[in-house]
Structures are given as C-alpha cells and as structure tokens.
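Colleague: this one's sequence-less:
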C-alpha cells in the first residue's frame, strides 16, 4: 500500500484521526463571493477519490476546483499539494499551506486505516472506490451555502453540514457511519470553521489573485460541416464552436427565430490554453436543410450573436477580399483621376 503519511502523523490519537477523517470526508476548502462585484466562478470545491484495490493497496487522489477550472492537485507519492496556477495559493501563507498538507496526509492515512479495519462492518468487498466532495457556493442574496458529501461505488453515502445525514441509497452502511460520527462533536465544529471562516477568506483571495485569468473573455470561432449520414436521405448538420472562454455558451440550430428542438449538444472539450470547444448537431432530411442556421450566444460577443447559415458559409478571407479589393480599386481610380486632372491644368 502507498503510504502517504509521515511517521509523525501515525502518532495522532484516534480522536484526531476520526476528526480529520470526517472533516475531509469530501475534503476541505470552499467559499463564496459577491456575485455582483465579481463576474466569474462563485464556487469552490475539493474532490477526493480513494481507490481500494485490496487490503494492502490503496491510492488516494485529490483535486481543487473553481467551478470547472482545476487549480489544485495532490501528489500521492510525496503527500504535497500541486498548485496548477500561479495564483492557486490565494493569500495562504507558506505556514498555512504546510499545515493543510499535513492535514491531508493525516486524513488520507486515517481514512485508509479506518475503512480497511471496518471493511466487514461497512459491508464492503474489494475492489471499490470512495468519492468525496466538499464546497461552498454563493446563493441569491449573497448567502453562502456549503456542502460536504461522500459516496461509495458511485452511490451516495452521506452528507454533512452541522449534522450527518445518511443517504437513502446508503442503507445501513450510511447509518452506521453517521452513528460513529455523532460521537465526535468536534468534527462539526471544525467543519463549520473551515467552511464558513477559512474557506471564504481563501476563495476571495484566490479570485482576486486570479482575476486576470478568470475574468478574461475569448470570442468563439464557429464553422459548419456535415457528418456521416445515419440513414439514407438524412444529413447531420454540425455546428463547431471553438476556443471560447468562459465556459457558459448557448448553441442552437434555428429556422428563422424558431429553435430546433432536435439539436444535440456534445460534451465540452477543453483546450490546453483553458478555452473550450463544443459541437451541436441536428439530423434533418436532406431537402429540409435550406434555411437553417446555427446561432451562438456568448458573453464575449457583447450581445451580438454569431449566426452561421447552412449553405451560405463564406470564408472570412473571401469576405475581406470582397470588401477591400473593390475599395482599393475605387481609391486607385480616384487618385488616378485627380492626378490626370492636375496634369491637364499644369499644361
């Protein structure tokens, strides 16, 4: 089994391990911000995936996210945090970072030991995975809602705020875990402190530090194509939208002002520079493609929707040439006329 905890953490008392175990059941951090003052991510969450292959091998993975943007990772070999952005630490001091890394190391060691020792009580069989998520988000009116949830094998196990609530799908296993946690009031006090004190401070600072990246606007590029026909007489119309940021975008095939409800959107695919790609497909009879258009709405477009008409797509280069070349010819002709006129006057 991979040991992600230093020898000092092994000397922690059973109470400390249980405290940290539940405290980070879905891992710690989260927070909120004033949405009116900041147009960008308004939630933060940390995810945990612990894979239990057998009684001697476990792999713990962790990551931190501003909505869909990952800004933290976890090195399971060294037991240290990975900061994926220059501003990922926010205003956390080096001492605070070191302390939090120690908490993670102790937690991962604790959850591994506790689960393996209670494998029979929890009615588990190898292999299985434990997933956890903790976070906060800004709600309407400026309130901050927090959440901390755990699941095993993809099934909800429990959620924690100031009380442990077993999920219905967790059955007796979830009930047993909540009964165990109820014996430690300090768990909930610590969770409350992290979710409502540490985390909002961290989130506000990381949003400020990463403002340039998080508030950037990158306009989408779009083009149309046809895919392989699923059946004779039909053609899939594909609208490609590429290189946009932030992620929220609206893409729909239209006929006039009427949305085509058969539009199927693919998955958002990331680019290396943090921008996104999306495809929207509409399957139509070959004779019904005329008059259709793909409409794209995005915050970077300033309210000017991007509209591409099927069968009327003209490369931007040709559009530029069609405007510039006649203009240049006209200006050259005008200059020549003035030159000749002045030449006649000088004679």
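Modeller: Thanks, I have it. Quick caveat, the model's predicted, so the values are computed rather than measured. Numbering: from 1, shown residues only.
Colleague: okay, which residue is most central for this structure?
Modeller: Nearest residue to the geometric centre of the chain (CA atoms, centre = their mean): residue 68, 0.9 Å.
Colleague: for that one, give me its contacts.
Modeller: Residue 68 is in contact with 247, 268, counting by CB atoms under 8 Å, 6 or more residues apart in numbering. (Each C-beta comes from the backbone N, C-alpha and C, glycine too.)
Colleague: buried set for stretch 154-165?
Modeller: By 16 or more other CB atoms under 10 Å, the buried positions in stretch 154-165 come out as 156-160, 164.
Colleague: pick out the lowest-pLDDT one from those.
Modeller: Least confident by pLDDT among those: that is residue 160, with 81.
Colleague: wait, that residue touches residue 148, no?
Modeller: Yes: between residue 160 and residue 148 there is a contact under CB atoms under 8 Å: 4.4 Å.
Colleague: phi and psi next, for the nearest residue to residue 164 once chain neighbours are set aside.
Modeller: Leaving aside its sequence neighbours, residue 164 sits nearest to residue 178 (CB to CB, 6 or more residues apart in numbering; 3.9 Å). Per-residue torsions, residue 178: phi -70, psi -40 (degrees, to the nearest 10).
Colleague: how far away is residue 204 from residue 189?
Modeller: Per CB to CB, to the nearest Å, residue 204 is found 23 Å from residue 189.
Colleague: so between those two, which is more surrounded?
Modeller: Neighbours were counted for residue 204 and for residue 189 using other CB atoms under 10 Å; residue 204 has more, 17 against 13.
Colleague: same question for residue 89, what's its three-state structure.
Modeller: Three-state call for residue 89 (DSSP: H, G, I helix; E, B strand; the rest coil): coil.
Colleague: okay, now residue 289: neighbour count?
Modeller: Going by other CB under 10 Å, the residues that sit close to residue 289 add up to 15.
Colleague: tell me which residues touch it, please.
Modeller: By CB under 8 Å, 6+ apart, the contact list for residue 289 reads 235, 237, 310-311.
Colleague: kindly recompute the last result at 10 Å.
Modeller: 226, 234-235, 237, 282, 310-311 (CB atoms under 10 Å, 6 or more residues apart in numbering).
Colleague: what pLDDT does the model give it?
Modeller: The pLDDT attached to residue 289 in the predicted structure is 92.
Colleague: quick check: it vs residue 241, distance?
Modeller: Residue 289 is 19 Å from residue 241, by CB to CB.
Colleague: same question for residue 280.
Modeller: Remark: distance between residue 280 and residue 241 (CB to CB) = 7 Å.
Colleague: mutual contacts of these two, please.
Modeller: Shared contacts of residue 280 and residue 241, defined by CB under 10 Å, 6+ apart, are found at 222, 249-251, 265, 294, 296.
Colleague: residue 260 contacts residue 282, correct?
Modeller: Yes: with contacts counted by CB atoms under 10 Å, residue 260 reaches residue 282, the gap being 5.5 Å.
Colleague: which of the two has more neighbours?
Modeller: Using other CB under 10 Å as the criterion, residue 260 and residue 282 rank with residue 282 on top: 23 against 16.
Colleague: so which helix or strand takes in that one?
Modeller: Following DSSP states H and E, one finds residue 282 within strand 276-285.
Colleague: that strand pairs with which strands, parallel or anti?
Modeller: Taking DSSP bridges as the criterion, strand 276-285 sits next to strand 234-244 (antiparallel), strand 264-265 (antiparallel), strand 269-270 (antiparallel) in its sheet.
Colleague: all helices of the stretch 201-347 of the chain, in order?
Modeller: For the stretch 201-347 of the chain, the helices defined by DSSP state H, counting those that start in this stretch cover 211-214, 316-346.
Colleague: got the contact list for the shortest one?
Modeller: Put plainly, it is helix 211-214. Under the criterion CB under 10 Å, 6+ apart, residues 38-41, 66-67, 69, 71, 85-87, 206-208, 245-246, 274 lie in contact with helix 211-214.
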